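> Take a look and give me a structure for this.
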Amino acid sequence: MLRLSTVALVLLAFVGGIVVSAATASNRVIKSNVGQGSGSIGGYTISSSTYTLDSNDARIISNVTFTLDAAQPAGVRTVRAKVTNGSYQTCTTTGGTTSTSTWSCTLNSNVTAAGTTLSVVGAQ
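As a prediction, this is how the structure comes out:
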């Protein structure tokens, strides 16, 4: 004859299995693609770079514009630029042709006209 404790233990295991099964049945993983690859990385050519001094303080560079040798949006999509003593700022496209794109970047207020290097980062 089965003991009451054995029946209770079997019943508890059965109910626990149902609860665990119900909890895991609701977990779904969405299908997605991942991978790894390699390819060559080339640089962009910058031309026609100009800067604008701040109208209130001529010691500060407030804006830079330049042309990249990549069309937008098919070529370069994200561009950031900085002058020597500033931090990278997001640039916006202001036009271009089928093979180039023109960009404008408003710089932060601590970029002084003593800056001598324009650094540009672009990504597709």
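> Leu118 is in contact with Val64, isn't it?
Yes. Contact status for Leu118 versus Val64: in contact at 6.3 Å, counting by Cβ atoms under 8 Å. Just so you know, the C-beta spots here come from the backbone N, C-alpha and C atoms, and that holds for glycine as well.
> quick one, which of those two is more surrounded?
Val64 (24 against 16; other Cβ atoms under 10 Å).
> Let me see the ranges of the helices in the protein.
Ranges of helices within the chain are 4-25, based on DSSP state H.
> Just the strands from it, written as ranges.
For the chain, the strands defined by DSSP state E cover 46-53, 61-68, 78-83, 89-96, 101-106, 118-123.
> Now do the first one: everything it contacts.
Okay, so that is strand 46-53. When contacts are defined by Cβ atoms under 8 Å, 6 or more residues apart in numbering, strand 46-53 is touched by residues 59-69, 83, 102, 113, 118, 120.
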